[in-house]
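Engineer: No letters, just coordinates:
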């Protein structure tokens, strides 16, 4: 009896499957319709750019847009094409072209230098002479960045000293005045209150009860701090003195470490060039000393670059970057869909122009 009750005819099974698929389709369309906004959501991939609306679109068109964005996000080919477009835009800039050519020359001559050292390329008795020529070329290339940037790095160090001084001074003064902790101790308040009750110079408190934080520095000190911050941020784009749309303020201790490493890189490069070019006879130049200086210089530069990347990832607002990335993909998808619609419209118009004369001849014969 129980087995008969649980049995279901084939039409009933088929109808239940159809109803289940219909319900899933309705729910998916409802999610797509309700969540098609400018905010990131787990229910769909597309994120509309600000000022763009899909009002009047059919559910099929919205689903097509969402599927197209999903393809752009997960396709390796599309990711490679985006990377090549970004690289092309970078190379078109003068600084980007210079860095690309410089890195290519260092890589090529470095590879040739290694091949000569390990004996994969042989020129007989002239081997050490050729190695010396390549060595001098590499030292000259390294000197372009190490020696050439040394004056600018000295200026950056000057700005960094003031930034670090006023940061530590602000921290100690707030601790001395027993003021509330800052939300981000790397992001110092830039505003000064005009209220005497909240003025540090008048002996009052600096933070009000509304959650507003004010600078504890004097007007002159605050002006100096902002001046050095602006100068340093123009020289190094990774440094964010205050919170922005995409990043939080850059950590001070990480900033000091990076500047010191870059200074050491320039110092080692100057020492390398001086030591290399001061020996007229390359046979009498100690190879171990040159190698040690070069390793220290490259280590400082590489570690400095790694710390810049670490600081960028640490201060990056991942949700904002994800939203901006998806908005860019959605904008590309919208552009491609509009282009495809325009092509289809032109094709339909061409077909109508080809069909109409034939229809007229038929009507004339009848």
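Structural biologist: Perfect, I can see it now. Owing to the predicted nature of the structure, the values given are computational and were not obtained by experimental measurement. Residues are numbered from 1 along each chain as shown.
Engineer: Residue 47 reaches residue 330, doesn't it?
Structural biologist: Yes: the pair residue 47 / residue 330 is scored as a contact, 5.6 Å apart, by C-beta atoms under 8 Å. Where C-beta positions appear, they are placed from N, C-alpha and C, glycine not excepted.
Engineer: could you pull out the helices for the stretch 101-250 of the chain?
Structural biologist: 127-146, 150-176, 219-235 (DSSP state H, counting those that start in this stretch).
Engineer: Mind giving me the packing neighbours of the second one?
Structural biologist: Pointing back at helix 150-176 there. Applying 3 or more C-beta pairs under 8 Å, 6 or more residues apart in numbering; DSSP states H and E, we find helix 150-176 packed against helix 219-235, helix 252-277.
Engineer: I'd like the average pLDDT over it.
Structural biologist: Average pLDDT, helix 150-176: 94.
Engineer: residues of that helix that come out buried?
Structural biologist: Neighbour-count burial for helix 150-176, with 16 or more other C-beta atoms under 10 Å as criterion, is recorded at 150, 153, 156, 159-160, 162-164, 166-167, 170, 174.
Engineer: distance of residue 152 from residue 214?
Structural biologist: 34 Å (C-beta to C-beta, to the nearest Å).
Engineer: and what of residue 90?
Structural biologist: Noted for residue 90: a distance of 41 Å to residue 214, by C-beta to C-beta.
Engineer: again, but for residue 78
Structural biologist: Taken as C-beta to C-beta, the span from residue 78 to residue 214 is 48 Å.
Engineer: now do residue 315
Structural biologist: For residue 315, the distance to residue 214 - C-beta to C-beta - is 23 Å.
Engineer: and what of residue 156?
Structural biologist: Distance from residue 156 to residue 214, by C-beta to C-beta: 29 Å.
Engineer: repeat for residue 163
Structural biologist: 19 Å.
Engineer: Then residue 164?
Structural biologist: Residue 164 is 21 Å from residue 214, where distance means C-beta to C-beta.
Engineer: And residue 250, by the same measure?
Structural biologist: 22 Å.
Engineer: circling back to that earlier point, quick one: which of residue 78 and residue 214 has more around it?
Structural biologist: Using other C-beta atoms under 10 Å, the more surrounded residue of residue 78 and residue 214 is residue 214, with 20 against 14.
Engineer: distance between the longest helix anywhere in the chain and the chain's centre?
Structural biologist: The residue-count maximum for a helix in the chain (DSSP state H) belongs to helix 318-365. Helix 318-365 has its C-alpha centroid displaced from the chain centroid by 34 Å (C-alpha atoms, centre = their mean, to the nearest Å).
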